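K.L.:
just a sequence and a predicted model for now, questions to come.
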Amino acid sequence: MNSAAVCGVILVDKQAGMTSHDVVAAVRRLTGIRKVGHGGTLDPFATGLLLILVGRATRLFDLLITLRKEYRVTVRFGAVSTTGDSDGEVTPAVSAPAVTRAALEAVLPDFSGEIEQRVPAYSAVKQGGERLYRKARRGESVVAPLRRVRIHRLQLLAFDAASQQAELLVSCSKGTYIRALCEDIGRVLGSGAYAAALRRTAVGEFTVSRAASLDSLSDLSPADLPGPASPSFLSCLSALYFLPVRELDPREAAAVGNGRFIAGEAEGPVRLASGGRLLAVYGPAAEAGQLRPLVVLS
């Protein structure tokens, strides 16, 4: 495939045990396109929806990363993990009280809305130019930064008192660590907790039910990989569904192709299209009545 002619997003249902970069590398091998990225990391233990940006779609990362994420997480109480999830070393919490459904339901509202999280020590966030997880693996003491995130929805779906497990639905902003959320809930309850399983079910309006497994993609030739007719493929234009769109005339399209300002009004980023194809994303310029280029694909 010619990366210069490609601009799209493949919805992939990531399996457990793979990093997001592993999926990117696999798609590079399958398509023969070097320019491939993803639209938001999933931890290796997690499964579910991963947006794979192919070709010029990699330029849309900063816009797609802002989309709301939805997860289903299995929280296990009465133990803690070195990584906050099932991949770490799990240790039973000493003298931890059993969690009841009523107690859990009582604390969940405290974790809704805008909250402050400490980034997990085992994370890809950089500190001093180095990933935190590299320092943690060397046994170095890591003081991770605090981050403000938003929990739009936090719902208890199921609770099993015998196994001390709960299933939660979480809808949240970018940058939210679900395993940190589980640890914080366990800390408030005095029981300890970690994320035993995690599945991303949606990114924006895109759901995992539309996604293709990596195994199903590996059975296809590059020419047969998901394209415009596949529910697991998004054109660049449709991937940015949350932005207003403006259809350009030929003169405007030529100007946009050269990255020039054009006349127009907008409150924020706007998709500029021609013939059903995304040419660029523009935003308001300092001068009133003008739009300036943010991302040019044409």
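P.N.:
It's in.

K.L.:
in terms of helices and strands, where is residue 27?
P.N.:
helix 20-31 (DSSP states H and E).

K.L.:
same for that helix, what does it pack against?
P.N.:
Judged by 3 or more C-beta pairs under 8 Å, 6 or more residues apart in numbering; DSSP states H and E, helix 20-31 is in contact with strand 7-14, strand 36-38, strand 47-55, helix 214-218. For the C-beta atoms, the positions are set from N, CA and C on the backbone; glycine is no exception.

K.L.:
against which helices or strands is the shortest one packed?
P.N.:
Here strand 36-38 touches helix 20-31, strand 47-55, going by 3+ C-beta pairs under 8 Å, 6+ apart.

K.L.:
count the residues that sit near residue 159.
P.N.:
By other C-beta atoms under 10 Å, 19 other residues sit near residue 159.

K.L.:
try the one 4 residues further on
P.N.:
Number of residues near residue 163 (other C-beta under 10 Å) recorded here: 12.

K.L.:
and the residue of the chain positioned farthest from its centre, which of the three is it?
P.N.:
Of all residues in the chain, residue 251 has its C-alpha farthest from the mean position, at 36.9 Å, by C-alpha atoms, centre = their mean. Secondary structure state of residue 251, per DSSP: H, G, I helix; E, B strand; the rest coil, is helix.

K.L.:
who are the neighbours in contact with it?
P.N.:
By C-beta atoms under 8 Å, 6 or more residues apart in numbering, no residues touch residue 251.

K.L.:
the helices in this structure, which residues?
P.N.:
20-31, 61-64, 101-107, 132-137, 178-189, 214-218, 236-239, 250-257 (DSSP state H).

K.L.:
now the fifth one: how far from the chain's centre is it?
P.N.:
Averaged C-alpha coordinates place helix 178-189 at 20 Å from its chain's average position (C-alpha atoms, centre = their mean, to the nearest Å).

K.L.:
who touches it?
P.N.:
By C-beta under 8 Å, 6+ apart, helix 178-189 touches 43, 71, 73, 75, 77, 80, 83-85, 93, 97, 99, 103-104, 107-108, 110-111, 117-120, 151, 170, 172, 192-195, 198.
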